[in-house]
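# Provided below are the primary sequence and the corresponding predicted coordinates.
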Amino acid sequence: MRIHGEKTFWIQGRIEHEQFDLESSPDRDEIEKECLTIFPEIEYQRFKGFGCAITESVGHVLETLPADVSAQILEDCFSSSALHYQWVRSPIDSCDFSLTPYSSCAREQGRVYLDRDLFDAHDLRYIIPWIKRASQVAGKRIELYLTPWSPPAWMKSNGERNHGGRLLKSFSDAWAAYIASYLKAYETEGLPVSLVGVQNEPNASQMWDSCLFSAEEEHDFILESLSPALRAAQLEVPPIITIWDHNRERLFERVGEVYREDISRMVGAASFHWYSGDHHEQVALTASRYPDLLLIFSEGCIEYSAFSSDAQIAHAKHYAHQIIGDLNHGAHIWLDWNMVLAANGGPNHVGNYCDSPILCNLSDGTYQKRLSYYYIKHFSRSIAPGAVRIAHSLYTHELEATAWKNPDNSCVLVIHNPTDEKKQIHLRINGQITSFSVESESIMSLRW
């Protein structure tokens with residue numbers, strides 16, 4: 001058996017890549033240590049793809065860059081030879097990664113409607129054109145996931161978009177109808193929406209666009225308002241409703257509280273973020289208890305408020321660790337946060353700056369693919385939509401790995417070595433063995 005491999009590593013402040021081929025030989029009983037064994041016949045979840053977010057900030061950065069540079073960034077993210085993204089997540093109205101807080105939700109004489117002028121000034125200018133161009137690069141329709149960060153201020157208990165507050169019960173139907181009209185506006189632009197969220201981070205009162213939803217409020221909003229509004233909108237592609245969309249540490253409990261029998265036909269997914277630690281066991285628990293739900297990692301980024309902006313190797317390791325943890329515990333979709341940002345980690349209307357796998361110098365029109373970009377690439381280019389995770393066992397917790405069988409029957413193994421020591425591996429597959437080493441602080445993908 002011949003195995004093709006690629007590896008990426010960080011050496012003396014530089015990103016290095018190598019390609020190589022490995023030859024296997026018959027397995028030998030005397031090799032017991034340093035083994036990584038693959039069991040292709042044991043299958044788990046079927047994957048639906050990787051993606052990223054296109055926010056107003058992303059669109060502003062792409063619009064500011066020279067046209068040829070923006071075009072190349074889209075190639076870097078959506079072409080099959082690069083990150084091969086298939087999904088895009090975008091906000092309904094503004095989020096922190098918008099140029100200003102805004103809502104296209106208007107009211108006049110008791111009527112609530114989508115203000116097309118505001119929608120055109122924000123979504124139609126900064127978001128929709130880039131999703132369309134991403135689809136052209138990908139050669140197929142990009143799957144869309146829309147979710148709100150906050151209802152308009154006048155619908156909320158605190159009278160503002162920021163600092164949490166709650167949706168007033170008297171506006172539940174109007175807010176749901178507005179969400180449905182937003183999806184309809186995207187569909188009219190030739191962009192049907194596959195997934196719709198109830199509320200981004202419903203357990204957090206943020207200094208930016210945010211709104212609190214208890215489990216009871218989320219359940220009732222879906223049952224009484226959102227699901228009926230989506231049906232009434234007669235969308236050509238009925239979207240899947242996803243719940244929670246917050247950190248993993250309460251995923252299992254929240255799904256149990258919201259996903260009751262009376263809305264089980266309305267809800268098809270649960271989403272989660274990484275900002276409160278690993279908690280990958282919560283993903284596995286949810287996958288086991290609710291096998292019909294899609295499990296979606298919907299947002300993660302390196303926040304400059306918590307991490308150094310210069311620590312590229314630490315950022316890349318974090319991505320690899322989190323992706324492997326989610327995939328190995330049952331995730332079906334994995335979405336990064338902003339596709340591209342300016343060099344300072346913005347724009348962000350409250351200064352909540354973050355790293356991105358691609359950062360741009362807007363003054364000279366150049367951009368940098370960060371080490372995290374190349375780490376993500378080992379997963380997103382290798383694991384195709386429709387791939388099935390297969391079983392493996394690994395001799396040490398110091399290494400991390402995930403194994404998949406693609407629709408074309410090729411198999412992929414991604415191995416991450418976050419330690420400062422080279423590690424030896426004897427890879428065992430179907431009576432064959434292949435020996436090699438994994439460099440310190442490196443990532444490797446193998447395909448056979």
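It's in. Numbering: from 1, shown residues only.
# for the residue positioned nearest the centre of the chain, give me its contacts.
For the chain, the residue nearest the mean C-alpha position is residue 335 (1.0 Å; CA atoms, centre = their mean). Counting by CB atoms under 8 Å, 6 or more residues apart in numbering, residue 335 touches 50-53, 87, 89, 145, 296-299. Heads up, the C-betas are built off the backbone N, CA and C, glycines and all.
# chain neighbours aside, what residue packs nearest to it?
Nearest residue to residue 335, sequence neighbours excluded (CB to CB, 6 or more residues apart in numbering): residue 51, at 4.6 Å.
# for residue 129, same thing?
residue 59 (7.5 Å).
# residue 187: what secondary structure?
The local conformation at residue 187, judged by DSSP: H, G, I helix; E, B strand; the rest coil, is helix.
# looking at residue 1 now. What's its pLDDT?
Here the pLDDT value assigned to residue 1 is 88.
# and it, how close does it get to residue 407?
According to CB to CB, to the nearest Å, residue 1 and residue 407 sit 20 Å apart.
# comparing the two, which shows the higher neighbour count?
Neighbour totals were compared for residue 1 and residue 407, and residue 1 leads with 14 against 11 (other CB atoms under 10 Å).
# distance of the more buried one relative to residue 428?
11 Å.
# and what of residue 384?
24 Å.
# cool, and residue 87?
For residue 87, the distance to residue 428 - CB to CB - is 34 Å.
# which one of these two has more residues nearby?
Legend: neighbour count by other CB under 10 Å for residue 87 and residue 428, higher for residue 87 (23 against 20).
# other SSEs contacting the helix or strand containing residue 372?
Assessed by DSSP states H and E, residue 372 sits inside helix 371-380. Here helix 371-380 is seen to pack against strand 2-11, strand 14-23, strand 49-53, helix 312-328, strand 411-417, strand 442-447 when contacts are counted using 3 or more CB pairs under 8 Å, 6 or more residues apart in numbering; DSSP states H and E.
# after that helix comes which helix or strand?
On the C-terminal side of helix 371-380, the closest following helix or strand by DSSP H and E is strand 388-394.
# tell me the gap between that following strand and the middle of its chain.
22 Å (CA atoms, centre = their mean, to the nearest Å).
# for that strand, which positions count as buried?
Neighbour-count burial for strand 388-394, with 16 or more other CB atoms under 10 Å as criterion, is recorded at 389-390, 392, 394.
# now do stretch 49-69
By 16+ other CB under 10 Å, the buried positions in stretch 49-69 come out as 49-62, 65.
# which one among those gets closest to residue 314?
When the buried residues of stretch 49-69 are compared for distance to residue 314 (CB to CB), residue 52 comes out closest, at 20.4 Å.
# contact partners for the closest one?
77, 85, 87-89, 335-339.
# quick one: pLDDT of the nearest residue to residue 439 once chain neighbours are set aside?
Nearest residue to residue 439, sequence neighbours excluded (CB to CB, 6+ apart): residue 9, at 5.0 Å. If you check residue 9, the pLDDT there is 93.
# what of residue 305?
For residue 305, pLDDT reads 80.
# part of a helix, is it?
No. Read with three-state DSSP, residue 305 is coil and lies in no helix.
# ok, now which ones touch the nearest residue to residue 147 once chain neighbours are set aside?
In this structure, residue 147 finds its nearest non-sequential neighbour in residue 197, 2.9 Å apart by CB to CB, 6+ apart. By CB under 8 Å, 6+ apart, the contact set of residue 197 is 145-148, 241-243, 245, 271, 298.
# show me where the stretch 201-350 of the chain has its strands.
Along the stretch 201-350 of the chain, counting by DSSP state E, counting those that start in this stretch, strands occupy 240-247, 267-273, 294-299, 333-338, 341-342.
# got TSV for those strands, with distance to residue 180 and mean pLDDT too?
TSV is the format used below for these (distance: least, CB to CB, whole Å; pLDDT from 0 to 100):
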stretch	distance to residue 180	mean pLDDT
strand 240-247	11	98
strand 267-273	16	98
strand 294-299	20	98
strand 333-338	22	98
strand 341-342	31	98
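# I am finished for the moment; much appreciated.
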